[in-house]
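Undergrad: Kindly generate the corresponding structure for this input.
(4 chains)
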There are 4 protein chains.
Amino acid sequence: MATHRFTPRHYHITLGPHEPVLEIADGDTVITTTVDASGHDAAREQVAPRGNPQTGPFFITGAEPGDMLKVRLDRLTPNRTFGYSDQMIAPNVVEPEFIPRLPWPEEGQTGRTEWYVDVAAGTATLTRPESKLGNLCLPLEPMLGCFGVAPPRTQAISTATSGQHGGNMDYRGFISGTTVYLPVFEPGALFFVGDGHALQGDGEIVGSGIEISFDVTFTVSLIKNKPSHWPRGENETSIFTVGNARPLDQAVQHATTEMLRWLEQDYRLDPVSANVLMSQCVRYDLGNIYDPAYTMVCKLPKALLP
Amino acid sequence: MATHRFTPRHYHITLGPHEPVLEIADGDTVITTTVDASGHDAAREQVAPRGNPQTGPFFITGAEPGDMLKVRLDRLTPNRTFGYSDQMIAPNVVEPEFIPRLPWPEEGQTGRTEWYVDVAAGTATLTRPESKLGNLCLPLEPMLGCFGVAPPRTQAISTATSGQHGGNMDYRGFISGTTVYLPVFEPGALFFVGDGHALQGDGEIVGSGIEISFDVTFTVSLIKNKPSHWPRGENETSIFTVGNARPLDQAVQHATTEMLRWLEQDYRLDPVSANVLMSQCVRYDLGNIYDPAYTMVCKLPKALLP
Amino acid sequence: MATHRFTPRHYHITLGPHEPVLEIADGDTVITTTVDASGHDAAREQVAPRGNPQTGPFFITGAEPGDMLKVRLDRLTPNRTFGYSDQMIAPNVVEPEFIPRLPWPEEGQTGRTEWYVDVAAGTATLTRPESKLGNLCLPLEPMLGCFGVAPPRTQAISTATSGQHGGNMDYRGFISGTTVYLPVFEPGALFFVGDGHALQGDGEIVGSGIEISFDVTFTVSLIKNKPSHWPRGENETSIFTVGNARPLDQAVQHATTEMLRWLEQDYRLDPVSANVLMSQCVRYDLGNIYDPAYTMVCKLPKALLP
Amino acid sequence: MATHRFTPRHYHITLGPHEPVLEIADGDTVITTTVDASGHDAAREQVAPRGNPQTGPFFITGAEPGDMLKVRLDRLTPNRTFGYSDQMIAPNVVEPEFIPRLPWPEEGQTGRTEWYVDVAAGTATLTRPESKLGNLCLPLEPMLGCFGVAPPRTQAISTATSGQHGGNMDYRGFISGTTVYLPVFEPGALFFVGDGHALQGDGEIVGSGIEISFDVTFTVSLIKNKPSHWPRGENETSIFTVGNARPLDQAVQHATTEMLRWLEQDYRLDPVSANVLMSQCVRYDLGNIYDPAYTMVCKLPKALLP
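TA: Numbering: from 1, shown residues only, chains lettered A, B, ... in the order given. Reported below is the predicted structural model:
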């Protein structure tokens, strides 16, 4: 049950079978940092390439394909005051005929929105551009946009997208205190973490949350011989499953099926009970509808579970 | 501001330019009843064909194409104790390979689940089949699955599906106290109402909520010369827009675009402000992912609106 | 086996249970005319509203729900020289980011393309606008964009879209000599016909073929007690099935499943034989990817059928 | 203009920045072999893992990101007589409700179909299982299911799927004599080739063509500083573009947009001309509707190009 303080020296823009940066044991805790989506650190220096660069991978001793990796996101805290987001809703999220009427940035403009993030006050305040929103002030909900393990078949998959291995799910439920469960595909699991958002709307519809660098603390445990298909999670009130695919319909199919498997295998519900329970009690959250794979989350209240 | 008590004698399984059952004025209230999705009334007698039969249509004096009809769902109350639902998640909601493993009803079986609905206690209790869920007891959230106006181009569209005119959206946010706004396509608007659910999970993933007959009270008002594209709504805390289409991605596009139009036209936000506000504050609800058209709802907290 | 000459006096913009214009018997032939998509006739006079107005419906004596209507498209001939088409690919057919770069018509412009149609020569020649294409000359392939029967559940469905009843499929395979098979949902079947195209590319990607009025000759026969789910067709070399839905994936599912049913029920193939035959021999055509429902066609060569 | 004879010693199940097996120059020809989808060679020995193992990668001297790689598929010939295919249409290709009625293989069965491939006669003959199809005999159309270059961002992407880099497109148009154009993302381009099919139906709807090992001859050329987005191709009669994505609608969007770019950039058509030409003349082919990314092909006849 060691606690490791790890300072990253380099970052990855794919999740894949890369050289581990640290080996940790079942039960260990890691305290580390992540840079923002564009590769800038706490001091706003660019130390990594753009595109959700990841800290890691962490090799979990004894993890083998067919195991399940449990990761508790103990603490996610922005470690600077500057956050930014994009300011135009992504074309794929509006009606095709409406796309030319979106506020496309002028030639040479970035279309960036800037925010002042005050961790002590628990707020993000809009500072640019000037608009009718004035200094819109929103409550922080720090979350991880992209994390996961090395994917199957020795693939190295871009941190722009997601899959069964996790990745860029951009789901605002991945906050401090959430536990996630990921299938293990490579020896050591190879866990990566990055892409902090000070907060984010459902769907990440402009293609970003409020992007910022993070201090991150997480704790891993290993569940041997427990194959699963898609990421799962748990917080104080709910269990949930995550489907990553296009179209959104397919993401729903993965999340729903994974929940059925979970109820039947771990909660020992017969199929009829699992179907009836989900039918009237299920909730769905939209993770992202921007990235190459969209994310839908299927939730059940813990209070209803046997 | 009259109050009408209306007892339906017949029902419709399409929303279309049918003979009105009652003409009402801007500001009037109607107290009426609806039968359940299979056409059974408060006494459990079959008085209408299966398939979300509708009470109405109500002709609103002075309503013309290009107007907007505002309907407050004042009071939605189950008017009997027997409710039922389906018990197998619909094949289109799970991974294709998993479909044969769903609990298909045996030949000659209906696969129905039955519930005892106690309005005074505010609960629905599972009574059939016997299963590991025992007498699962859930809080009531009575909602309307299907309502709307006559659609454009003199169409008569099945109450199994939905569109710009409303219809079978099966969204669990259509509860007592909610106000809905619908585009008017036919003289008199021709408002229909039916398909009560004692409660429902997100997505209506078994193809039904807890189906039951209702006492319904609603109040209409007319907003002249206010064209809109998709249903809108409002409750104490949020405004929302509704997109109905397949795949879910397209439903999201309609709902998101309608919210942008609403913010720009009624709340006088410039496009950048509307985009930025939505980017970090939007929430999406999944209405149904079962009917021929799926339903996604785009919401914004009223507290953030100018 | 009578031959009827029918001159339409009015037209429909929904397929539905409308008053028949003529009752015809099993085996009868009808010689009639259709107006173009915008309601203009052979003399270029507007005689019907815009939106694929239909000639009909024709009541087929003895047709009942559960029967199949067979219609041979004997002869489809443009009956004027003026044809027109749209000139911008529909936004939903290109990448969302590319949409602003499409050639949107200037304010007040229609973006219409005009063609000179010479039936004797068998050609359509581009006459407007002037462009690098000059007088592009294409071979005629006259086809019907929209035809069908009254849909199920007494619906009246817009001629802008399609479904199990046929409708606006915009498939360039519906040419002279093709036989189509449609499920019957209403007494008399109620057959409609309209929306002639002098020719059309796959997908109807600008939202139109070369739109023109037609002389149409067709012959009906009735197949009693033969339920089917989706339109089927046949020409000299192939049999085919038609799926109409969004997304295209679902249209493929309907067309493929209907072909399996056809092979198993009529050609008496066991499921393995039907699957293996289709696996290596099937061809798909894209009907339209523009209308509210997209169209995919699943084909098999007759030479391979038992 | 050298000709290289290359005998593979190992194979890859990802397309990625792997160690090149051979460096070749602009204009060079390679004569090599590929194993079948399950890793079996001409002698039916398993020499590679399952899943479309690839021969290569070949490093093309001087190729840099932003260039275009041109590859002529000179000669694709099955090099053994044994071919196999799957025998059940994939669940995602039929209506969800129909899936349980597909011919699922019995427990412990593989559901394989076997074919005798006679290159001299130009035929594939069904040899197993026994069925009503008897010894169905089909004409050979040898094609490559999977080939491509290393993808962007140093990813290594499974040979089960496809993208902008090519990959497992399973399009039956990739036959001898076809020329393909691929964007270059990595120094040397890193070209891979594998997954021969003796023939295949549209859509690869059972998840396989007639899988077989190949003798392959191809010739590369390099087009400097010519960025493109998606694979392109050319044969005697047509030019074509390839979109790989889910749903099929998005694959159509990529292919259509890439064709517009090609027409505007290389054939110097103004946007209106490009749109009008495509509108009435375009053809679409369905590559695969089985793999994680589906494939649609957009074609234009060369005879119509300026």
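Undergrad: ok, which residues in chain A are in contact with chain D?
TA: By C-beta under 8 Å from any C-beta of the partner chain, the residues of chain A that approach chain D are A:13-14, A:16, A:51, A:152-158, A:160, A:245-247, A:250. Every residue, glycine included, has its C-beta placed from N, CA and C.
Undergrad: The same query, at a cut-off of 6 Å, please.
TA: Within reach of chain D by C-beta under 6 Å from any C-beta of the partner chain, chain A has these residues: A:13, A:14, A:153, A:155, A:156, A:158, A:246, A:247.
Undergrad: Now do the phi/psi pair for the second one.
TA: Listed backbone geometry of residue A:14 is phi -130, psi 150, with angles given as degrees, to the nearest 10.
Undergrad: Correct me if wrong: it contacts residue A:160.
TA: No: taking contacts as C-beta atoms under 6 Å, residue A:14 lies outside contact range of residue A:160: 9.5 Å.
Undergrad: of the residues of chain A next to chain D, closest to chain C?
TA: Ranked by distance to chain C (C-beta to the nearest C-beta), the residues of chain A next to chain D are led by residue A:247 at 6.5 Å.
Undergrad: quick one on the thing from earlier: name only those of the residues of chain A next to chain D that count as buried.
TA: Buried subset of these (neighbour count, 16 or more other C-beta atoms under 10 Å in any protein chain shown): A:13, A:14, A:155, A:156, A:158, A:246, A:247.
Undergrad: from memory the first one sits against residue A:161, does it?
TA: Same thing as residue A:13. No: taking contacts as C-beta under 6 Å, residue A:13 lies outside contact range of residue A:161: 11.4 Å.
Undergrad: shared neighbours, residue A:14 and residue A:160?
TA: In the contact map built from C-beta atoms under 6 Å, 6 or more residues apart in numbering or on different chains, no residue is linked to both residue A:14 and residue A:160.
Undergrad: Secondary structure class of residue A:225, three-state.
TA: The three-state label given to residue A:225 by DSSP: H, G, I helix; E, B strand; the rest coil is coil.
Undergrad: any idea of the pLDDT on the residue lying closest to it once chain neighbours are set aside?
TA: Distance criterion C-beta to C-beta, 6 or more residues apart in numbering or on different chains; nearest residue to residue A:225, sequence neighbours excluded, is residue A:66 at 6.0 Å. Note for residue A:66: predicted pLDDT of 98.
Undergrad: quick one: low-confidence ranges for the stretch 151-300 of chain A?
TA: Confidence mapping of the stretch 151-300 of chain A against pLDDT under 70 gives zero matching residues.
Undergrad: Tell me who's in contact with whichever residue of the stretch 51-200 of chain A sits closest to chain D.
TA: When distances are taken as C-beta to the nearest C-beta, the stretch 51-200 of chain A reaches nearest to chain D at residue A:156, 4.2 Å away. Taking C-beta under 6 Å, 6+ apart, we find residue A:156 in contact with A:14, A:16, D:155, D:156.
Undergrad: can you check residue A:211 too?
TA: Residue A:211 makes contact with A:36, A:37, A:84 under the criterion C-beta under 6 Å, 6+ apart.
Undergrad: can you narrow those residues to ones near chain B?
TA: Near chain B, by the rule C-beta under 6 Å from any C-beta, you find none of the contacts of residue A:211.
Undergrad: Nearest to residue B:287 among those residues?
TA: residue A:37 (31.6 Å; C-beta to C-beta).
Undergrad: Specify the residue ranges that define each domain of chain A.
TA: Dividing chain A into domains by automatic domain parsing, as the record does, gives the ranges A:3-81+A:140-223, A:232-304.
Undergrad: nearest to residue B:262, of those domains?
TA: Smallest distance to residue B:262 across the domains of chain A (C-beta to C-beta): 15.6 Å, for domain A:3-81+A:140-223.
Undergrad: Figure out how far the closest one is from the centre of its chain.
TA: 8 Å (C-alpha atoms, centre = their mean, to the nearest Å).
Undergrad: how about the residues of the stretch 151-300 of chain A that lie near chain B?
TA: Along the stretch 151-300 of chain A, the residues adjacent to chain B under the rule C-beta under 6 Å from any C-beta are A:201-203, A:206, A:247-249, A:252-253, A:256-257, A:269, A:271-273, A:275-277, A:279-284, A:286, A:289.
Undergrad: does any part of the longest helix along chain A sit near chain C?
TA: Identified as the longest helix of chain A according to DSSP state H is helix A:248-265. No: Helix A:248-265 does not reach chain C (C-beta under 6 Å from any C-beta); its nearest approach is 8.3 Å.
Undergrad: Just after that helix, pick out the following helix or strand.
TA: Next along the chain after helix A:248-265, taking DSSP states H and E as the criterion, comes helix A:271-281.
Undergrad: Now do the same contact list for the most centrally placed residue in chain A.
TA: Nearest to the mean C-alpha position of chain A, counting by C-alpha atoms, centre = their mean, stands residue A:145 at 3.5 Å. By C-beta under 6 Å, 6+ apart, the contact list for residue A:145 reads A:170, A:195, A:197.
Undergrad: can you redo those residues as JSON lines with secondary structure, distance to chain C and neighbour count?
TA: Below are the contacts of residue A:145 laid out as JSON lines (DSSP: H, G, I helix; E, B strand; the rest coil; distance: C-beta to the nearest C-beta, whole Å; neighbours: other C-beta atoms under 10 Å in any protein chain shown):
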{"residue": "A:170", "secondary structure": "coil", "distance to chain C": "18", "neighbour count": "29"}
{"residue": "A:195", "secondary structure": "strand", "distance to chain C": "22", "neighbour count": "28"}
{"residue": "A:197", "secondary structure": "strand", "distance to chain C": "23", "neighbour count": "32"}
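Undergrad: Cheers, nothing more for now.
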